[in-house]
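*Asks:* quick check, what structure comes out for this input:
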Amino acid sequence: MTTTATPPQSDVEALLDAWPTLDVDEQLARFVPLPRHEAEEVFFALSARDQAALLVGLPHRRSWMRLLAPDDAADLIQELEPEEREATLALLDDPTRLEVMALLAYAEDEAGGLMNPRFARVRADMTVDEAVSYLRKQARERPSSMSYIYALDDQQRLLGALSFRELFAAPPDRRVRDVMTALEDLVTVLEDQDQEQISHQMAEFDLIAVPVVDSEGRMKGVVTLDDIVDVVQEEATEDIAKMAAVSTPEAPYLQTPFLDMIRQRGVWLTVLFLGEMLTASAMAYFEGELHKATVLALFIPLIISSGGNSGSQASTLIIRAMALGEVRLQDWFRVVRRELGLGLVLGTGLGLLGILRVMVWEQVSPGLGAHYVLIGVTVALSLVGVVTFGTTVGSMLPFLLRRLGLDPASASAPFVATLVDVTGLVIYFTAAITLLRGTLL
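*Replies:* Modelled structure (predicted):
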């Protein structure tokens, strides 16, 4: 048997792997001695938050800031403390500083806050040969992320776009307007468009870059795929946190202060605890029935956990479908009809398992009494009702939140489970009172 040796990690890879576990002083101590080319590789691989934390302690801050594209510099500055932003802006050259200040005027989650204002531009009436010469000059004087070439008029309005392959393959005397894809066939985004919508458009049309325009069609910049990767990670982190009933983390797990972790998790745990107090209230309301038939208490965890699990499943699936654009607000009736059917089928399946469990248990270890069949039927019917209710509520809660203008991800699994717990007890004891009255009750 032969084995393949794992190649040793480079200093850059080792430092990047260890980075989240290091405090700022340790990060500086390991970063500063690196050769310049390795240090640059590490610096560009870091998030804007980590770059900002590192930059504060670095010598020669000006040289590091001037390595960044305007959109990356804007992201870094937004991560700094307010009192440090002005001094950091002053490190940039005048043209870049103006570009960065323009980007900072946009909200962080808008297209304008994501875009790179530097892009390859030509005039539509240029010949291909003139355009190539002009682009070569742009690349020397104003480096940019050149994924596509954009044709603008004299008012900076977007007219069309073309790839470098299309430009170089065209005859030198052809006009750019004859080679480019016209504006009506392009996907564009407005400067104030939300980043999540942009990520959906880029995924839907399989784009690596999308032009950003204002309300009058003037081109402002380009959002590229690397920007959207960060957006997807940020949105996923936010949604996962909400679905787990945790405040959105502001730093990596190991770098989050202990007190901040308590705040992030404690608030929601307190809310959920107050919700579960309703469960205790429901138990107290049916205390008389429990005294008469203590055997009913044996099946309470089974009933409420099944309802909570089914509700959590439904809410998670609907939140995901909404995030991917598979389900819209107007689809609520189709969803509720589908979830009602699923709840009934799944509840019936669990109900049959429940009644089977009661029957087998009584044969193996008698103790439920002469009316164990009625107890089994009670458990089965309760499971049908609780699971059906759980799936329906779990699927509808994200729609309700979206309708109220809130984030559907706030319909967290713990929140849905808490809500269904209370209702599950009511359904269970209502079924017990109805079926067991005159026997156990």
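
*Asks:* do a quick rundown of the strands in the stretch 1-150 of the chain.
*Replies:* 120-123, 149-152 (DSSP state E, counting those that start in this stretch).

*Asks:* ok, residue 418 - how many residues close by?
*Replies:* Neighbours of residue 418 under the rule other CB atoms under 10 Å: 23. Quick note: C-beta positions are derived from backbone N, CA and C, even for glycine.

*Asks:* isn't residue 166 up against residue 176?
*Replies:* No: the pair residue 166 / residue 176 is not scored as a contact, 9.9 Å apart, by CB atoms under 8 Å.

*Asks:* more neighbours: which of these two?
*Replies:* Legend: neighbour count by other CB under 10 Å for residue 166 and residue 176, higher for residue 176 (23 against 16).

*Asks:* give the contact list for the more buried one.
*Replies:* Counting by CB atoms under 8 Å, 6 or more residues apart in numbering, residue 176 makes contact with 122, 123, 124, 125, 126, 127, 128, 131, 151, 160, 162, 167.

*Asks:* burial of residue 413, as a residue count?
*Replies:* 20.

*Asks:* and for the nearest residue to it once chain neighbours are set aside, the neighbour number?
*Replies:* What sits nearest to residue 413 in space, not counting adjacent residues and going by CB to CB, 6 or more residues apart in numbering, is residue 312, at 3.8 Å. Residue 312 has 22 neighbouring residues, counting by other CB under 10 Å.

*Asks:* give me the element residue 423 is part of.
*Replies:* helix 413-436 (DSSP states H and E).

*Asks:* chain center to that helix, what's the gap?
*Replies:* 32 Å (CA atoms, centre = their mean, to the nearest Å).

*Asks:* what comes up buried for that helix?
*Replies:* Judged by neighbour count (16 or more other CB atoms under 10 Å), helix 413-436 contains these buried residues: 413-425, 427-429, 431-432, 435-436.

*Asks:* isn't the residue nearest to residue 413 up against residue 419?
*Replies:* No: contact between residue 312 and residue 419 fails when scored by CB under 8 Å: they sit 10.5 Å apart.

*Asks:* pretty sure residue 188 sits against residue 210.
*Replies:* Yes: under the criterion of CB under 8 Å, residue 188 makes contact with residue 210 at 6.7 Å.

*Asks:* who's more crowded, these two?
*Replies:* residue 210 (25 against 16).

*Asks:* the more buried one: what secondary structure?
*Replies:* Under DSSP: H, G, I helix; E, B strand; the rest coil, the three-state class of residue 210 is strand.

*Asks:* residues in contact with it?
*Replies:* So residue 210 contacts 187, 188, 189, 198, 201, 202, 222, 223 (CB under 8 Å, 6+ apart).

*Asks:* quickly list the domain ranges of this structure.
*Replies:* 11-105, 120-225, 253-436 (automatic domain parsing).

*Asks:* for residue 233, which of those is the nearest?
*Replies:* domain 11-105 (9.2 Å; CB to CB).

*Asks:* just to revisit the earlier point, could I get the domains of the chain in JSON lines, plus columns for distance to residue 113 and mean pLDDT?
*Replies:* Below are the domains of the chain laid out as JSON lines (distance: least, CB to CB, whole Å; pLDDT from 0 to 100):
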{"stretch": "domain 11-105", "distance to residue 113": "6", "mean pLDDT": "89"}
{"stretch": "domain 120-225", "distance to residue 113": "8", "mean pLDDT": "89"}
{"stretch": "domain 253-436", "distance to residue 113": "19", "mean pLDDT": "83"}
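
*Asks:* right, so of those domains, which gets closest to residue 114?
*Replies:* Of these, nearest to residue 114 by CB to CB is domain 120-225, at 5.0 Å.

*Asks:* distance between the ends of that closest one?
*Replies:* Start-to-end span of domain 120-225 (CA to CA, to the nearest Å) is 16 Å.

*Asks:* ok, stretch 116-125 next?
*Replies:* For stretch 116-125, the end-to-end distance is 25 Å (CA to CA).

*Asks:* related to what we said a few turns ago, most packed of the strands of the stretch 1-150 of the chain?
*Replies:* strand 149-152 (a mean of 22; mean count of other CB atoms under 10 Å).

*Asks:* output the contacting helices and strands for it.
*Replies:* strand 120-123, strand 158-162, strand 219-224 (3 or more CB pairs under 8 Å, 6 or more residues apart in numbering; DSSP states H and E).

*Asks:* partners of it, with directions?
*Replies:* Note on strand 149-152: by DSSP bridges, its sheet partners are strand 120-123 (parallel), strand 158-162 (antiparallel).

*Asks:* export these as TSV, with columns for distance to residue 111.
*Replies:* Formatted as TSV, the strands paired with strand 149-152 follow (distance: least, CB to CB, whole Å):
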stretch	distance to residue 111
strand 120-123	18
strand 158-162	14
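
*Asks:* quick revisit: widest-spaced pair of the contacts of residue 210?
*Replies:* 201 and 222 (13.6 Å).

*Asks:* quick one, which of the two is more surrounded?
*Replies:* The residue with more neighbours, out of residue 201 and residue 222, is residue 222; 26 against 17, by other CB under 10 Å.

*Asks:* can you pull up the bridge partners for that one?
*Replies:* When bridges are called by DSSP bridges, residue 222 pairs up with residue 116, residue 211.

*Asks:* what's the burial count for residue 380?
*Replies:* 22.

*Asks:* could I get the contacting residues of it?
*Replies:* By CB under 8 Å, 6+ apart, the neighbours of residue 380 are 351, 352, 354, 355.
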